[in-house]
Every structure is written in C-alpha cells, then in structure tokens.
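Asker: Next one to model:
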Amino acid sequence: MSELQKPLLENATRDLARFAAGLRFEDIPGDTVARIKLSVLDSIGCCIHGVTLPWTRRVEHMALAEGAAPKASIFGGAGKTSPALAVLVNSTAGHAFELDDIHKESIIHPGSIATPVAMALAEANGQATRPISGRNMITAMVAGYEVGTRVGNAATVQLLLDGFHPQGTSGAFCAAATAAHMLGLDAVQTQHALGIAGSQAGGLMAAQEGAMVKRLHSGRAAQSGVYAALLARDGFTGIEDVLEAPYGGYLVTHSRKPNAARLTEGLGTVFETAKIGYKPHAAVTSIHTALDALAAIMRENNLGADDITAIDAGLSKPTYVHCAWAYNAQGVTAAQMNLTFGLAVIALDGQAFVGQYREARLSDPRILDFIGRITARIDPEIEAMGHAFRHAARIRITTRDGRTFTKEILHRRGSPENPLSPDDITAKFRAITEGCLTPAKTQRVIDLVAGLENLASLDELIAICADRGGA
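Answerer: Residues are numbered from 1 along each chain as shown. Sure, this is the predicted structure:
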C-alpha cells in the first residue's frame with residue numbers, strides 16, 4: 001500500500017460508530033448532561049422563533065405539500081409530516097436567525113440539528129413502539145454532538161476557508177449519529193449511516209452574503225441524517241471508511257488541511273459536548289468579541305454613536321475572511337454575518353438582537369453612514385495565537401475630540417471560557433419565544449427540560465413545541 005493509499009486514521013469511522021451506538025446515559029459525565037439540557041432549551045427556543053420567519057415558512061409550505069404520512073410535528077403548529085420532512089423544517093428553523101448554539105473548534109451548531117432529529121424520531125417511534133424517555137434523548141444527542149463536532153474538529157477551520165459551510169457538511173454526521181442512536185441501530189448499521197450521510201454532506205459559504213439557503217443547510221443536514229439512519233436500518237450500505245478514506249473520503253475532499261487525529265482523540269473520556277457555547281447576539285459567532293469590545297468601550301467611557309469618528313477592528317484571518325466583506329444591504333442573512341453591520345447596530349442601539357435585524361433596518365441610512373467609519377484588518381498578534389483564539393478581537397475607536405480607546409477580548413461572552421449562566425439561557429429562551437408560546441407554556445418547557453433526564457416520555461414537551469401559541 002502506497003502512502004497515498006493509506007487511510008488518514010485507520011478505522012476512524014468504525015470507532016466513532018461503535019462509540020455512538022454503545023453510548024449509555026450512565027457513561028455521560030454530569031457536566032455534559034447539564035450542558036446538553038441547556039442546549040435543548042436553547043435549541044427549542046431557536047426553532048420556535050425560527051419557524052415564524054419567512055424563509056422557514058417557505059420550506060414548511062413545500063414540506064406539507066408533499067402530503068407525507070403525519071408522524072412527526074413541525075414546530076409552531078403547522079401540522080405533522082414524515083420525520084425526515086419535519087426535521088427539514090425544524091432544523092431550518094433552528095438555524096434561521098443565527099441564535100443557535102456553537103462549538104468553536106468544529107464550527108457547527110449541533111443543537112439546531114440534533115434537537116429536532118431526536119424529537120421527531122421520538123414522536124414517530126413512540127407512536128410505533130414505546131415512549132421515548134428524556135434519557136434516551138439526552139444520550140442520542142450526546143452521541144450526535146460527539147460525532148459531529150469531532151468530524152468538524154478533524155476537518156479544521158480550513159473547511160470553512162475552502163468555502164464549505166460546516167453546518168451543512170460536518171453537521172450531517174451529527175444528525176446521522178443522533179438518528180442512529182434514536183433508532184437503536186447497532187455499531188455496523190451506525191457505521192453505514194455515517195457513510196451514507198457523508199455522501200450527502202453539502203453547503204457553500206457564499207450563501208452568507210444574502211441567500212436564504214444558508215438556513216436550509218441545517219435542515220438538509222438533519223434530513224440527510226434521518227434518511228441515512230432509516231436506510232442503514234433497512235440494510236442499505238454506505239461508505240464504511242467515509243471519514244478516513246484517502247481518495248473521495250470526507251476529510252480529504254472537504255479540507256486541504258485535515259487533522260484526522262481529532263476524530264478519536266480522547267473519545268469516551270473527553271466530551272466535546274461540554275465545550276458548547278451559546279449566543280447572546282443574533283449574529284455570526286465570530287464577531288461577538290468585536291461587538292462586546294465596542295459595547296464595553298462605549299459603556300466605560302460614556303460614549304454615544306455620534307462621539308465616534310472611526311473604529312478599527314483587528315481580527316483573526318478566519319474571522320476577517322468570514323465576516324469583514326463589504327456590506328451592501330443584501331438581506332437579513334448578510335446583515336447577521338457581517339462585522340460592520342453588527343458594530344454599527346451596537347453603536348447605535350446598544351445591542352445586536354432580534355430587533356436589529358428586521359428588514360426595515362437593513363438599509364437604515366444611520367447604519368449605512370456608521371458603517372463608513374469602520375475598517376477591519378487581520379491582526380498579526382491575534383492570528384499568531386492560533387485556532388483557539390480565532391474569535392478574538394481588538395477594537396480601537398477614535399472620538400471626535402481626538403481621544404482613542406482600545407479593548408481586546410480573547411473569549412466571547414457565551415463561550416465555555418466566558419460562559420452565559422443557566423439563567424441567561426432561560427432569559428434568552430423567554431425573549432425569543434415571546435408571542436409564540438403562552439407564559440404558562442413557556443414556563444412548562446423550561447421546567448420539563450430542567451428535569452429532562454427524569455421524563456418517562458417526551459410527549460408533553462413535543463406537544464407544546466407543536467402548538468401555535470394557544471392557551
């Protein structure tokens with residue numbers, strides 16, 4: 001066997017499949033259980049808010065028009081369809097407004113994939129066999145988070161720099177592992193499910209500059225995972241070495257600089273799920289440190305937007321490439337992905353949340369004028385810190401009276417290094433579901449998720465998520 005024919009990491013797909021299939025609730029550390037419950041609450045909130053948005057409504061309309069057997073609920077009261085179509089809609093909703101959880105190294109948002117997959121299959125399978133418990137859901141989601149994030153870790157940030165969207169590519173493995181565990185697939189079947197999902201992985205980063213399709217990448221990844229698990233259960237085969245194959249495998253195809261060792265490093269002892277972070281801003285994660293640095297300078301020095309004549313943003317190369325392109329009011333997606341729009345609304349409004357990304361604000365003359373005061377560059381010192389600090393930012397502002405202020409933030413608010421509290425996540429859930437759920441049902445979801453590991457059935461939780469805000 002020549003060097004070019006050697007697998008990147010012998011039996012990596014098999015080993016991940018064995019881990020995912022064999023994972024038990026008792027194997028999961030307490031801090032990881034606590035983290036996944038926060039992700040469930042955060043993700044349900046993202047889905048319930050996201051299903052109200054026009055791009056998700058278009059996907060919902062298409063899914064319902066298929067007329068599939070009604071086995072799984074679309075969030076927000078639209079009705080039921082097949083599990084695969086339900087997750088297409090619900091996972092699109094979860095990623096529909098840049099609010100979903102984030103794993104920094106892998107650059108995927110596993111919650112908007114794994115939560116809808118687990119809930120759809122729990123509902124469909126619970127009807128056919130026996131109720132699915134909260135512990136089943138937690139375990140399946142941890143299996144999906146671990147596999148999906150490890151695939152993203154191994155692909156490295158180069159996958160993003162090469163133009164692929166990690167949510168649609170690496171995210172498909174998160175969905176497949178979650179779905180396989182929910183369906184009770186054995187290790188061999190799970191390996192085939194990963195091999196099927198890897199062939200369906202897709203998503204291009206050019207979508208960030210205005211296209212609705214960026215949201216759909218999450219839905220398609222989730223749907224691909226469900227299809228992969230259902231096919232594998234029926235004996236359909238996938239690429240058994242899909243991750244490590246030296247020609248046409250996932251890593252060599254999607255990344256020019258893969259690090260295959262990250263696939264299984266610490267597998268079963270180091271839980272990547274515990275490294276999940278959450279978003280306080282309705283914007284791409286990479287710019288959160290810059291937004292917080294500007295907000296801190298303005299707050300600490302009692303400055304308003306009119307006091308500022310110039311902002312210089314020093315960034316890592318990945319953040320610069322990803323977010324510092326010229327903003328031209330291309331659409332909501334573009335605004336949420338763009339550094340300068342985010343900095344402008346922080347300066348003008350003091351926040352970058354749901355209200356700042358309404359269609360009516362996208363061409364606001366005050367925002368466009370302020371954007372003209374902002375420049376961005378790759379900061380060599382931040383870049384030299386390496387991948388672990390790719391979200392870091394150094395903001396320098398100049399005021400009309402000639403003063404300058406600088407603030408550097410290395411770890412964004414909401415990251416594991418600078419975490420949001422459980423109360424913060426609960427407050428965010430209330431904010432983004434306001435008007436979608438009654439106060440009583442909002443509180444009931446919070447309570448159910450807090451005791452998720454004790455639920456014998458997910459029926460009540462699913463029923464509330466399937467509601468359209470009625471009493």
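Asker: If we go by neighbour counts, what in whatever helix or strand Gln443 lives in is buried?
Answerer: Following DSSP states H and E, one finds Gln443 within helix 439-450. Residues Lys441, Thr442, Val445, Ile446, Leu448, Val449 are the ones in helix 439-450 that count as buried (16 or more other Cβ atoms under 10 Å). Using the backbone N, CA and C atoms, a C-beta is placed for each residue, glycine as well.
Asker: what about the strands in the stretch 201-350 of the chain?
Answerer: Applying DSSP state E, counting those that start in this stretch to the stretch 201-350 of the chain gives strands spanning 308-315.
Asker: which residues of it fall in helices?
Answerer: Assigned helices in the stretch 201-350 of the chain, in chain order: 213-233, 250-254, 288-300, 317-323, 332-337, 339-349 (criterion: DSSP state H, counting those that start in this stretch).
Asker: Leaving out chain neighbours, which residue sits closest to the residue in the chain sticking out farthest from the centre?
Answerer: Centroid-distance maximum for the chain: Asp401 at 42.0 Å, with Cα atoms, centre = their mean. Nearest residue to Asp401, sequence neighbours excluded (Cβ to Cβ, 6 or more residues apart in numbering): Asp307, at 7.9 Å.
Asker: go on, Ala175?
Answerer: Per Cβ to Cβ, 6+ apart, closest to Ala175 is Gly225, 2.3 Å.
Asker: now Ser286
Answerer: Thr319 (4.3 Å).
Asker: Surely the one you found and Phe389 touch.
Answerer: No. With contact defined as Cβ atoms under 8 Å, Thr319 does not count as touching Phe389 (10.1 Å).
Asker: who's more crowded, those two?
Answerer: Set Thr319 next to Phe389 and count neighbours by other Cβ atoms under 10 Å: Thr319 wins out with 27 against 17.
Asker: burial of Leu348, as a residue count?
Answerer: Residues near Leu348, counting by other Cβ under 10 Å: 18.
Asker: now do Gly268
Answerer: Neighbours of Gly268 (other Cβ under 10 Å): 13.
Asker: from what I can see it touches Ile28, true?
Answerer: No. Contact criterion Cβ under 8 Å: Gly268 and Ile28 do not qualify, at 10.2 Å.
Asker: elements contacting the helix holding Gln443?
Answerer: helix 30-50, helix 422-433, helix 459-465 (3 or more Cβ pairs under 8 Å, 6 or more residues apart in numbering; DSSP states H and E).
Asker: deepest of those, which one?
Answerer: Across those, averaging neighbours per residue (mean count of other Cβ atoms under 10 Å) puts helix 30-50 on top, at a mean of 24.
Asker: what angle sits between that one and helix 439-450?
Answerer: On the basis of axes from the mean of the first three to the mean of the last three Cα atoms, to 10 degrees, helix 30-50 is oriented at 150 degrees to helix 439-450.
Asker: can I have helix 30-50 written out in CSV, keeping just the CAs?
Answerer: Output of helix 30-50 as CSV, limited to C-alpha atoms (Å, rounded to 0.1, in the frame of the first residue of the first chain):
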residue,chain,number,x,y,z
GLY,A,30,-22.8,15.2,34.9
ASP,A,31,-21.4,18.4,33.4
THR,A,32,-22.1,17.1,29.9
VAL,A,33,-25.7,16.2,30.8
ALA,A,34,-26.2,19.7,32.2
ARG,A,35,-24.7,21.2,29.1
ILE,A,36,-26.9,19.2,26.7
LYS,A,37,-30.0,20.2,28.7
LEU,A,38,-29.1,23.9,28.2
SER,A,39,-28.7,23.2,24.5
VAL,A,40,-32.1,21.5,24.3
LEU,A,41,-33.8,24.6,25.9
ASP,A,42,-31.7,27.0,23.7
SER,A,43,-32.4,25.0,20.6
ILE,A,44,-36.2,24.6,21.2
GLY,A,45,-36.3,28.4,21.6
CYS,A,46,-34.4,28.9,18.3
CYS,A,47,-36.7,26.6,16.5
ILE,A,48,-39.9,28.1,17.9
HIS,A,49,-38.7,31.6,16.9
GLY,A,50,-37.3,30.5,13.6
